[in-house]
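Q: Mind looking at a prediction? Sequence and model below.
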Protein chains: 2
Amino acid sequence: MTSRRGEDALTAKIAAAARPGKGVRVGIGDDAAVIDLPRGRYVVTTDTLVESVDFLRGEGPFWIGRRAAAANLSDLAAMGASPLGYLLTLGLPPGNGARFAWRIVEGVISKMSPYRAALWGGDLSRSSSTFVTICLFGRSTRPVARAGARPGDRIFLTGAPGAAAAGLAVRKRRVGKPPSRSDRAYIDPEPRVAFAGELARRRWATAMIDISDGLARDAHRLARASKVRLALAEEAADALRDSADDFELFFTASPTCSAAILALGRRLRTPVAEIGRVARGRGVTLGAGRGRAVADRGYDHLAS
Amino acid sequence: MTSRRGEDALTAKIAAAARPGKGVRVGIGDDAAVIDLPRGRYVVTTDTLVESVDFLRGEGPFWIGRRAAAANLSDLAAMGASPLGYLLTLGLPPGNGARFAWRIVEGVISKMSPYRAALWGGDLSRSSSTFVTICLFGRSTRPVARAGARPGDRIFLTGAPGAAAAGLAVRKRRVGKPPSRSDRAYIDPEPRVAFAGELARRRWATAMIDISDGLARDAHRLARASKVRLALAEEAADALRDSADDFELFFTASPTCSAAILALGRRLRTPVAEIGRVARGRGVTLGAGRGRAVADRGYDHLAS
């Protein structure tokens, strides 16, 4: 008899659903995947969502999967890279069986497919609480790092900061349901892959980061990496307070690109605003002139 | 002020400890890593270790890290690939702070470094129980998959199956301590990277798998992928019973390579034995002639 047990049966089902990726020689179901790659510059990232930390207890598995995919796509977008393929790891409590796992996988695939990212492989594990880890690979001839902002550059932010926080407040009363207009920004955000790809391709962005840990924290990270002061305009005060969980892009560019960036945003239907300028010095400030110092606070994955 | 909080401080410490990898353009501390790769065939795998499932509660973080690295190196070895770089994700309970996380990282780096695998990046996350996920990249011009065994091939197994199970029994009374001779096979096994690399490079192995889920389960997987019957000799009975958690290689090769394979094992100090032959048909059998059917049992990551 060669009957397949739970894990092998699910793996076979996932293998059948995965899009055949470009260059894939050995896909899901072996010890590792084998991929033929052309010479080039590759971008790799990994992001994990843990139950009760990164998503609500009782959340629907399909939406957990889509949110995990969005978080990884946003990290890749922040480098200006195009998705290529990914490995998916699920940690599953004993009570949640193959059906639950399968729905997470369906969610991940549904979110990744429009970006042509192929599921290359992964791992299934028992765990006391649900977690989803994705390791995402992409390609970029001109990746945009956090270092690179120059004094005189302008500062930009996509989206409507605070939308995710507002969505989370709504989601707590609607957990597990399909997204509504008022909680989609939290549970099913659309990462800025196309917009960021254009910024990188045209060499407009000098430095970029996504603000999923909050604008204040991530602005400090970019300022440290670039060794500059980020002078945010007074209008950024709301975004500094409310921006945790937003998969939005915070980036810098020469003032000569400013009008073109705003036009690109209109063309790709990506809201984008100029919110400050880069100055000599260190740290993050708010308001005109020397401004007030902005504290380096926000989400810390190690805080208790 | 640009003081660094817990997560950013630990990330900076990890970045300083990571070996600069070949082709790394942007390493730890950005949204993603950027790596320049030459054209070629790449192998990617991911494996997760969860507390109380894949390692004992109270295990020392350094040894958790080394074991997680070994599990991933073994998966890559089973393809005959050479390690290149990896992403590391840690899930950490609130009680375990930066010191605990740092010791896991030190363990992972200490195990990966002899194989010249560079730490490219990763993720830190809160979690109700500790877990370690590694996503490991390697390269192989001639990867060995599970499919490829042909009737007439001989079957081989490395190591002393059951050593890990015996080691685990000892480890339960010594959890958290440095490995001893009697529990090293469980807590700090040495994956067969060099031996497997030679098998692949010389095109001796026709199919290969690592038996970390137990010989019976993994033999069935190889038999299914290759569409053959694996006729194990009577001497494999002990290995079929005791082989869970062994990071050993199970592979097939033409009988003309048999003597050379045993000689390679002596040269690389890798114990290896011929334990059966590949026949037409399906499934796994034990004993001479048609033998007795071996059940497809072993570790199932989805079983409750």
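A: All right, it came through fine.
Q: What separates the first and last residues of stretch A:91-106, distance-wise?
A: Criterion CA to CA, to the nearest Å; first-to-last residue distance in stretch A:91-106 is 16 Å.
Q: From the rest of the structure, what touches it?
A: Surrounding stretch A:91-106, the residues in contact under the criterion CB atoms under 8 Å, 6 or more residues apart in numbering or on different chains are A:6, A:9-10, A:13-14, A:17, A:60-62, A:64-65, A:68, A:88, A:90, A:119, A:124-133, B:48, B:50, B:131, B:302, B:304. C-betas here are computed from N, CA, C, even on glycine.
Q: The nearest residue to residue A:53 once chain neighbours are set aside: what's it in contact with?
A: Taking CB to CB, 6 or more residues apart in numbering or on different chains, and ignoring the residues beside it in sequence, residue A:53 has residue B:126 as its nearest neighbour in space, at 4.7 Å. Contact partners of residue B:126, counting by CB under 8 Å, 6+ apart, are A:50, A:53, A:301-302, B:91-94.
Q: what separates the helix of greatest length in chain A from the chain centre, distance-wise?
A: Of all the segments assigned as helix in chain A under DSSP state H, the longest by residue count is helix A:61-77. Shown here is helix A:61-77, whose average C-alpha point lies 7 Å from the average C-alpha point of the whole chain (CA atoms, centre = their mean, to the nearest Å).
Q: now the angle from the helix or strand just after it to strand B:82-92?
A: Once the chain leaves helix A:61-77, the next helix or strand it forms, by DSSP states H and E, is strand A:82-92. Between the axes of strand A:82-92 and strand B:82-92, defined by axes from the mean of the first three to the mean of the last three CA atoms, to 10 degrees, the angle is 50 degrees.
Q: What mean pLDDT does whatever helix or strand comes next after strand A:82-92 get?
A: Heading C-terminal from strand A:82-92, the first helix or strand you meet, by DSSP H and E, is helix A:98-112. The average pLDDT for helix A:98-112 rounds to 96.
Q: List the buried residues in helix A:98-112.
A: Under the neighbour-count criterion of 16 or more other CB atoms under 10 Å in any protein chain shown, helix A:98-112 has A:100-109, A:111-112 buried.
Q: Same check on stretch A:66-78?
A: Buried residues in stretch A:66-78 (16+ other CB under 10 Å): A:66-78.
Q: who does the longest helix of chain A touch, helix- and strand-wise?
A: Counting by 3 or more CB pairs under 8 Å, 6 or more residues apart in numbering or on different chains; DSSP states H and E, the packing neighbours recorded for helix A:61-77 are strand A:40-50, strand A:82-92, helix A:98-112, strand A:131-139, helix A:184-187, helix A:193-201, strand A:205-210.
Q: among those, which is nearest residue B:139?
A: Each of the helices and strands packed on helix A:61-77 was scored for nearness to residue B:139 using CB to CB, and the closest is strand A:40-50 (12.7 Å).
Q: Which strands and helices lie in contact with the closest one?
A: helix A:61-77, strand A:131-139, strand B:33-37, strand B:82-92, strand B:118-126, strand B:131-139.
Q: TSV for the ones you listed, including mean pLDDT and distance to residue A:30?
A: What follows is the helices and strands packed on strand A:40-50, written out as TSV (pLDDT from 0 to 100; distance: least, CB to CB, whole Å):
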stretch	mean pLDDT	distance to residue A:30
helix A:61-77	97	23
strand A:131-139	97	17
strand B:33-37	95	21
strand B:82-92	97	17
strand B:118-126	95	23
strand B:131-139	97	13
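Q: Just put the ones you listed in CSV and tack on distance to residue B:266.
A: Listed next are those as CSV, based on distance: least, CB to CB, whole Å:
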stretch, distance to residue B:266
helix A:61-77, 46
strand A:131-139, 38
strand B:33-37, 36
strand B:82-92, 22
strand B:118-126, 32
strand B:131-139, 26
